[in-house]
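Colleague: Curious how this folds, go ahead:
(chains A and B)
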Amino acid sequence: MHASGQTLNGSEIFIECLRRENVEYIFGYPGGSLLKVYETLYDVKDIQHILVRHEQGATHMAEGYARATGKPGVVLVTSGPGATNTVTGIANAYMDSSPMVVFTGQVPSSLIGNDAFQEADIVGITRPITKHNFLVKDVRELAMTIRKAFYLATTGRPGPVLVDMPKDVLNASCTMEWPESVEIRGFKPTIKCHINQVEKVAQKIAQAKRPLLYIGGGVISAEASEELRTLAIQQNIPVTMTLQGLGAFPGNHPLSMGMLGMHGTYWANQAVNKCDLLIAVGARFDDRVTGKVETFAPQAFKIHNDIDPTNVDKNVKVDLPVVGDAKNFLAGLLEVMPKERENRDSWLAEINAWRKLCPLSYSREDNALRTEFVIEEVSRQTSGHAVVVTDVGQHQMWTSQFYTFINPRSIISSGGLGTMGYGLPAAIGAAFGIKDRPVVLFCGDGGFMMNIQELVTAVHHKIPIKIFLINNSFLGMVRQWQELFHKEKYSFTDLGDSNPDFVKVAEAFGCKALMADNPDTAKEAITEAMAWEEGPILVDFRVVKKDMVFPMVPAGGSISDMLLARLNPKTMV
Amino acid sequence: MKHIISVLVENKFGSLNRVAAMFSARGFNLESISIGETEDTEISRMTIVTRGEDQIISQVLKQLNRLVDTIKVIDLTRQPHVERELLLMTLKLTKTQQHEIFELINVFKGKVVDIKQKSITIEVIGSPEKINTTIDIFRVYGIKELARSGAVAIHRGE
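Modeller: Just a heads-up that it's a prediction; the model follows:
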């Protein structure tokens, strides 16, 4: 390790700073503006550079790594197209509050603004989708900028930060000065909750007859699952979670109500509708959760704890806001709440009645292979302890319903942006970070094609991810909306005639592959896949084409508009 | 309701863009924005005039605060403050109207900054409301060109 005070060039300073930030992996792709960095990287042994096959893949990998480990993901790409290819991944990390630092090469300072070869104003392009971004103009500012970037990405509400590094800055030399501390006067997030507010929350909980905890991804990024579990059990409060919050509270506990919102469970949504106290923690009242905001939790006194004050009163007006870190909030509540278990039997009985009235179910009669079966079987075989990555669409919602998440940091899914193509690279990134639990990916046939090139990355590094391809030869979620709301005009969603043979494709990439088209072979294929440790394995599950995800609250609708099954039985397969 | 917001930001390239881009990305109304260095050369003061209901304004203030380059956000609307805007305006000058124009310039406490055979350029300083009135009144004399600075504002001293 280089000591502070040595003269280094920009590229060496860059690597040295990553070392100081304890970076294990760089997900990157070389190019003209970064040649000096790659020259330096060639001899670096303590930080592993993972060569992706498309820069978008690098961003999703870094995010998968970040979500699985809690540590910031690091991306390194060249200027121009390298940089613009990261835009979707950055936007995704921004929407889902994932810590990530993206380093982009830039043309030499003297050429900036001249429409130089491979020039793009990536700082301008990514301003609205980063927490903050920097253009480094002088090699003497490089170390401090990198320090600030990591600090910003990981402090308060996490998010992506971009650092643009012109070629001449990376070539220039200066004395390396590692700043031990970092101070940004415009960035002072509120971590500690106001004690008066926390006491008011405690009073409200004590008075409530029908309280409900509404838990988002903030609880997981704050590492507050333990506090949540203690509080919910001690106070006997049922817990519903957002897509990003799943696993914050064990899904097999009687107080767990699964996910709420558009494709949430019937009982969770009924509980939202009937609760007299809603305690939102690290959640942001997203439109996929609330539906029509005027009818969301109409009887409830609403409490909202969030680390980002802009989330408070953004979509839904709340009665008692508490700005601060979720762990600080829940720990604070535990301190001031009485320890005896509250009797809320009649409320829990009401919820259980809803659970019995309308459980999650699917047809098993025709021996056809269904996504729900595949997910349920994977959940059973992994005892809910896998790191589960999804792509976007029907399989994603079925995963939220049929995989029983026991631990935090177990679901890695593109929630806010809804990025198809996220799943495969995110699963690879997660597997780089987590070696002691299996990493499984549920991915549709549409999304799989969007970043299929990263299969090479997985094969090359022998990453033992289980790729469970949910192949219905349709863009299933779009098809569902077309059937329900667009006159059954299946406009450009049928991939049946054009999809490749995924087993052959995987094999061509050097990936082991299986196919299953009925429940029995599917079960065997899952067992075989879970046991395969020599690299990635893909199972092409040929599932029924026309199944739909229920329950469903149509966009902008109320709980009373919830669809529980297909309206027109004619179209059933 | 109209709000006048004073924002202290880091005096760095991109600070103005971040604020303006945030307003457009979130669909907030932006009536005027002006920026200049303060007594501390590392800090710029932005004065923003916007309109919206209380819930929107509360979001505007929070979103401004959230920007990393933002050091301080003050909604001056309900606090004692001084608000000024500069108007530069060139009018057609004719013999018959000359007298009236000069009288009106005095009424608005304006100054003549340039005068030619057929045109006159004046400056007027005042609240944005006064500037609106000034423009309205002078319109009948034929405005050739005008430029407004946007409002700047500051707390009244103790």
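Colleague: Can you get me the start-to-end distance on stretch A:491-507?
Modeller: Start-to-end span of stretch A:491-507 (Cα to Cα, to the nearest Å) is 31 Å.
Colleague: repeat for stretch A:357-372
Modeller: 19 Å.
Colleague: Which other helices and strands does the helix of greatest length in chain A contact?
Modeller: For chain A, the helix with the greatest residue count under DSSP state H is helix A:55-69. Applying 3 or more Cβ pairs under 8 Å, 6 or more residues apart in numbering or on different chains; DSSP states H and E, one finds that helix A:55-69 contacts strand A:25-28, strand A:73-77, helix A:81-84, helix A:87-95, strand A:100-106, strand A:411-412, helix A:423-433. Any C-beta I mention is one placed from the backbone N, CA and C, and that applies to glycine too.
Colleague: Pull that helix out as CSV, backbone CA atoms only.
Modeller: What follows is helix A:55-69, C-alpha atoms only, in CSV (Å, rounded to 0.1, in the frame of the first residue of the first chain):
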residue,chain,number,x,y,z
GLU,A,55,-21.4,-1.3,-19.5
GLN,A,56,-25.1,-1.6,-18.5
GLY,A,57,-24.2,-5.0,-17.2
ALA,A,58,-21.5,-3.4,-15.0
THR,A,59,-23.9,-1.1,-13.3
HIS,A,60,-26.5,-3.8,-12.5
MET,A,61,-23.7,-6.1,-11.3
ALA,A,62,-22.4,-3.3,-9.0
GLU,A,63,-26.0,-2.8,-7.8
GLY,A,64,-26.6,-6.5,-7.2
TYR,A,65,-23.3,-6.6,-5.2
ALA,A,66,-24.4,-3.6,-3.2
ARG,A,67,-27.8,-4.8,-2.4
ALA,A,68,-26.5,-8.3,-1.4
THR,A,69,-23.6,-7.0,0.8
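Colleague: for that helix, what is the average pLDDT?
Modeller: Across helix A:55-69, the average pLDDT comes to 98.
Colleague: Closest residue of the stretch 251-400 of chain A to chain B?
Modeller: A:Thr310 (4.4 Å; Cβ to the nearest Cβ).
Colleague: Quickly note the distance from that residue to A:Phe285.
Modeller: Distance of A:Thr310 to A:Phe285, computed by Cβ to Cβ, to the nearest Å: 12 Å.
Colleague: which residues touch the spatially closest residue to A:Gly444 that is not a sequence neighbour?
Modeller: Nearest non-adjacent residue to A:Gly444, counting by Cβ to Cβ, 6 or more residues apart in numbering or on different chains: A:Gly393, 4.8 Å away. Listed by Cβ atoms under 8 Å, 6 or more residues apart in numbering or on different chains, the contact set of A:Gly393 reads A:420, A:444, A:446-447, A:475-478.
Colleague: one more time with 6 Å, if that's ok
Modeller: Applying Cβ atoms under 6 Å, 6 or more residues apart in numbering or on different chains, we find A:Gly393 in contact with A:444, A:476-477.
Colleague: Repeat that for B:Asp69.
Modeller: Counting by Cβ under 6 Å, 6+ apart, B:Asp69 has contacts A:186, B:9-10, B:15.
Colleague: residue boundaries of the helices in the stretch 301-450 of chain A?
Modeller: Listed in chain order, the helices of the stretch 301-450 of chain A (DSSP state H, counting those that start in this stretch) span A:326-336, A:345-357, A:371-381, A:394-402, A:423-433, A:445-448.
Colleague: Report the residue ranges of every domain in the chain.
Modeller: Here I'm looking at chain A. A:7-175, A:195-357, A:371-550 (automatic domain parsing).
Colleague: To clarify, I was referring to chain B.
Modeller: In terms of domains, chain B is parsed into B:2-75, B:81-155 (source: automatic domain parsing).
Colleague: Now do the last one: distance to the chain's middle.
Modeller: Shown here is domain B:81-155, whose average C-alpha point lies 14 Å from the average C-alpha point of the whole chain (Cα atoms, centre = their mean, to the nearest Å).
Colleague: how far does it stretch from start to finish?
Modeller: Its start and end residues considered, domain B:81-155 measures 4 Å (Cα to Cα).
Colleague: any idea of the mean pLDDT for that domain?
Modeller: For domain B:81-155, mean pLDDT rounds to 95.
Colleague: Stretch A:178-196 near chain B anywhere?
Modeller: Yes - counting by Cβ under 6 Å from any Cβ of the partner chain, chain B is contacted by stretch A:178-196 at A:185-187.
Colleague: ok, those residues vs A:Ile470, which is closest?
Modeller: A:Phe187 (41.7 Å; Cβ to Cβ).
Colleague: could you list every residue that touches that closest one?
Modeller: Neighbouring residues of A:Phe187 by Cβ under 6 Å, 6+ apart: B:Val68.
Colleague: Mind jotting down where the strands sit in chain B?
Modeller: Assigned by DSSP state E, chain B shows strands spanning B:2-10, B:32-37, B:43-51, B:70-75, B:81-92, B:111-115, B:119-126, B:143-148, B:152-155.
Colleague: cool, the stretch 401-550 of chain A as well?
Modeller: A:411-412, A:439-444, A:466-471, A:512-516, A:537-542 (DSSP state E, counting those that start in this stretch).
Colleague: Turn those into a markdown table, columns for mean neighbour count and distance to A:Gly10.
Modeller: Below are the strands of the stretch 401-550 of chain A laid out as a markdown table (neighbours: other Cβ atoms under 10 Å in any protein chain shown; distance: least, Cβ to Cβ, whole Å):
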| stretch | mean neighbour count | distance to A:Gly10 |
| --- | --- | --- |
| strand A:411-412 | 28 | 34 |
| strand A:439-444 | 29 | 35 |
| strand A:466-471 | 28 | 39 |
| strand A:512-516 | 20 | 43 |
| strand A:537-542 | 25 | 41 |
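Colleague: which stretch among those comes nearest B:Pro128?
Modeller: Counting by Cβ to Cβ, B:Pro128 lies closest to strand A:411-412 out of these; the figure is 50.8 Å.
Colleague: residues in contact with the closest one?
Modeller: Applying Cβ under 6 Å, 6+ apart, the external contacts of strand A:411-412 come out as A:64, A:67, A:246-247, A:388-389, A:405, A:426, A:430.
Colleague: same thing but 7 Å
Modeller: Contacts of strand A:411-412 from elsewhere in the structure, counted by Cβ atoms under 7 Å, 6 or more residues apart in numbering or on different chains, are A:64, A:67-68, A:246-247, A:387-389, A:405, A:426, A:430.
Colleague: which one of those residues has the most neighbours?
Modeller: In terms of neighbour count, A:Ala426 stands highest of the contacts of strand A:411-412 at 37 neighbours, by other Cβ atoms under 10 Å in any protein chain shown.
Colleague: which ones are touching that residue?
Modeller: A:Ala426 sits next to A:60-61, A:63-64, A:389, A:412 when contact means Cβ under 7 Å, 6+ apart.
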